[in-house]
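Visitor: Build me a model:
(2 chains)
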Amino acid sequence: MSAGNDIVSLNAINAARTKQYKFYSKILSESENPLYKEFSSAGIPFENFVWLLWSIKESAYKYLQRNNPDVIFTPVKFVVKQLQLPANYIITNFDSQQIEENGFNTILAIAGIVTYGQYTFHSRSLLYNNLIHSVVNNSENFQDNYWGIKLIADNDSEHQSKEVRSFLLERLQRLFKTNDFSISKSQSGLPILLKGTDETTLPVSLTHHEHFVAYSFHTTINI
Amino acid sequence: MTRQEILDELKKVIAPYTTNKEMLAGIDDHTDLIKDLKINSANLVDVIIDAEAKYDIEIDYDSADKMVNVGTCIDVISEKLNQKV
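Guide: Next up, the predicted model:
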């Protein structure tokens, strides 16, 4: 089991640059270009599509990296095979302070399939006017995938890092009714959840970009 | 170009994408772009494209894969510059 999520703040991206071939060709592979058709019809700008694919690919990379620490993130080697934009998908601003859910039964998401070599992953992405958030899983059932997105006040890296950790820990403390958790980092830089001084097997994933932080984790506990 | 000259130029390429200016001033071969300079992964493509423009080189996927720290960035840029000659 693993976890992978990624957030992109669309206010922080360079739209003009993203639309240049020399830029997006380092993220998209040729086979993915036709996937834009449906998004184009829905009025979604090409640059947002590029960053949607980026967030899916980076999430899949994080998911894979936990059990394959030597894998390097080459976006074009992660290939998005399918993307399903829900009918009448309405894109709004993310204007809450935070949202937290498990699975995507109560919130409409863009469903995708992404591969890396022989590995296949499923993705769910939320597209707002101001952010994209993706979560990746190894099955189509996301019910055991817990995730959260939060708007933070300060975007310096120390603050982002502190905020995303406390956001995740608060959720875990509520779920497991303990305040004994902390986050450490593995040698390859992956977040590790500790209970007391012991490493747990619960996979967690953290992400931040500008004023947004997000987490995902996988657990089968019954709440 | 010597490694030192590439390093001096590389600092200018990286500067817009790191807020850790103190660390940037003292970077060496072992400085990691993400872990040390806190460059957001979403800006890694920017760094590669800016480096391509700065040195008038093309950095393919396999070479870009190697650019994780300052030393490997200089290795790749140096190799591509040598291929031009």
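
Visitor: For residue 2, give me its contacts.
Guide: Because you didn't say which chain, this covers chain A. Applying Cβ atoms under 8 Å, 6 or more residues apart in numbering or on different chains to A:Ser2 gives the contacts A:Lys62, A:Tyr63, A:Leu64, A:Arg66, A:Asn67, A:Asn138, A:Pro203, A:His218. C-betas here are computed from N, CA, C, even on glycine.

Visitor: Then B:Ile49?
Guide: Going by Cβ under 8 Å, 6+ apart, B:Ile49 touches A:Arg17, A:Lys22, A:Phe23, A:Lys26.

Visitor: Return the members of these classed as buried.
Guide: By neighbour count, with 16 or more other Cβ atoms under 10 Å in any protein chain shown, the contacts of B:Ile49 hold A:Phe23, A:Lys26 as buried.

Visitor: give me the subset of the contacts of B:Ile49 touching chain B.
Guide: A:Arg17, A:Lys22, A:Phe23, A:Lys26 (Cβ under 8 Å from any Cβ of the partner chain).

Visitor: Skipping adjacent residues, who's closest to the third one in space?
Guide: Read that as A:Phe23. Distances taken as Cβ to Cβ, 6 or more residues apart in numbering or on different chains put A:Arg17 closest to A:Phe23, at 5.3 Å, once the chain neighbours are dropped.

Visitor: Identify each buried residue in the helix or strand where the one you found lies, please.
Guide: Using DSSP states H and E, A:Arg17 maps to helix A:15-18. Of the residues in helix A:15-18, A:Thr18 count as buried by neighbour count, 16+ other Cβ under 10 Å.

Visitor: pretty sure B:Lys11 is in a helix, no?
Guide: Yes - counting by DSSP: H, G, I helix; E, B strand; the rest coil, B:Lys11 is found in a helix.

Visitor: got the contact list for it?
Guide: Counting by Cβ under 8 Å, 6+ apart, B:Lys11 touches B:Leu24, B:Ala25, B:Ile27.

Visitor: again, only using 7 Å
Guide: B:Leu24, B:Ile27 (Cβ atoms under 7 Å, 6 or more residues apart in numbering or on different chains).

Visitor: what about whichever residue of chain B sits closest to chain A, how many neighbours?
Guide: At 4.1 Å from chain A, B:Lys38 is the closest residue in chain B, using Cβ to the nearest Cβ. B:Lys38: 18 surrounding residues under other Cβ atoms under 10 Å in any protein chain shown.

Visitor: And it, what's its pLDDT?
Guide: B:Lys38 carries a pLDDT value of 90.

Visitor: swap in the one 10 residues further on?
Guide: Looking at B:Ile48, its pLDDT reads 95.

Visitor: Appreciated, that's everything.
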